[in-house]
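*Asks:* mind folding the following:
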Amino acid sequence: MLLPSIFLFLLLGMPHPQKLLFRKIIPSLVIPSIVFIVDYYCIMPAHVRSRTAATWWMPPVTGDLIGKVGAYLVGLPSIEWSFSVFEKYGMVVAVAAMALLCLMFAIFAGSLLAGNWRRSYPLLVAALCHCSLLVGYSFFKVPIFGERTALPALIPLIGFMGVQVATIKIPKIQMASIGALLVISMNITFTWITDKAWIPVERTRDMAKTLQLWKHPHDTVMFYPFYFAGPIRYYYPDLPVEDEIGINIWAIPKETERIKRIFQETSPSIVFSGCAV
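*Replies:* A predicted model of the protein is given here:
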């Protein structure tokens, strides 16, 4: 997903792309392309290459998901967080804080139109290319579009916004844009430090504590996908291996029969299920 994005950025950013195409752009992409091909066809296991949407755990691409990821990349969730923080001081204060942040986003987005698009559009194209490839692959192969996989697009996106602001020729608009960007950045940073950074992406610690409290000897624990057992065992090292069932996400029909057979043999009283979400 990164190689086409980088290729487009280099091609569109060169002053004379026709002249430099074969001298600089293509040679710079040959080595990573070869590494990718060798890794994909020679090193990656065949069962990984053959995975399909039926054996994949990420959600399918929808309009809501695209909107959620897009909002995440530009920091819109920080508005909702600020509203919840100021709500304890009163609804009027919370609404005022949310209105101020919405105004800052509107001012910054509007000021971008005054920048030099000729200089910055290759960065925007690179960001859109990366996300478009993720969406296309998710439609035709397996769902891989999400907040984590879209994060590389944030690098050229930030570059685009920075170049646009730096190339605004009207001083008042430029100062308003910089002020709005400072407010937005400080709010996003404060949100991340106080509310997001300490929260685990996957709540394996909470699941491990639950198992420690409620699991009895010979109770069965099922993990989907199977490698999710590793993080759980990190927080619950005494979890007996013989009580675990790891589900192979690439062989669901066979796994169903195997799990039925194990249940018939062991007859567990309680079954715990641990899933990556």
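*Asks:* hey, let's count contacts and neighbours off CA atoms from now on
*Replies:* Noted.
*Asks:* care to break this protein down by domain?
*Replies:* Under automatic domain parsing, the residue ranges defining each domain of the chain are 1-50, 53-196, 204-275.
*Asks:* now those in CSV, with mean neighbour count and mean pLDDT?
*Replies:* Listed next are those as CSV, based on neighbours: other Cα atoms under 10 Å; pLDDT from 0 to 100:
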stretch, mean neighbour count, mean pLDDT
domain 1-50, 13, 80
domain 53-196, 17, 88
domain 204-275, 15, 73
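*Asks:* which parts of this structure are helices?
*Replies:* For the chain, applying DSSP state H gives helices covering 2-13, 17-20, 26-38, 46-49, 63-74, 77-86, 91-111, 117-140, 147-150, 154-166, 171-191, 204-214, 229-235, 252-266.
*Asks:* can you tell which of those helices is closest to residue 242?
*Replies:* Distance to residue 242, taken as Cα to Cα, is lowest for helix 252-266 among those, at 10.4 Å.
*Asks:* surely residue 82 and residue 99 touch.
*Replies:* No. Counting by Cα atoms under 8 Å, residue 82 stays clear of residue 99, with 10.4 Å between them.
*Asks:* quick revisit: can you put the helices of the chain in CSV and add distance to residue 222?
*Replies:* Formatted as CSV, those follow (distance: least, Cα to Cα, whole Å):
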stretch, distance to residue 222
helix 2-13, 36
helix 17-20, 55
helix 26-38, 34
helix 46-49, 21
helix 63-74, 28
helix 77-86, 34
helix 91-111, 43
helix 117-140, 27
helix 147-150, 26
helix 154-166, 36
helix 171-191, 35
helix 204-214, 12
helix 229-235, 9
helix 252-266, 9
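*Asks:* quick one: closest of those helices to residue 198.
*Replies:* Nearest to residue 198 among those is helix 171-191 (11.1 Å), distances taken as Cα to Cα.
*Asks:* show me what contacts residue 61?
*Replies:* Residues near residue 61 by Cα atoms under 8 Å, 6 or more residues apart in numbering: 135, 138-139, 143, 145.
*Asks:* can you name the two of the residues you listed that sit furthest apart?
*Replies:* Greatest spatial distance among these (Cα to Cα): 139 and 145, at 9.5 Å.
*Asks:* mind checking how far residue 107 is from residue 125?
*Replies:* 22 Å (Cα to Cα, to the nearest Å).
*Asks:* an error on my part: the question was meant for residue 169.
*Replies:* Distance, residue 169 to residue 125, by Cα to Cα: 23 Å.
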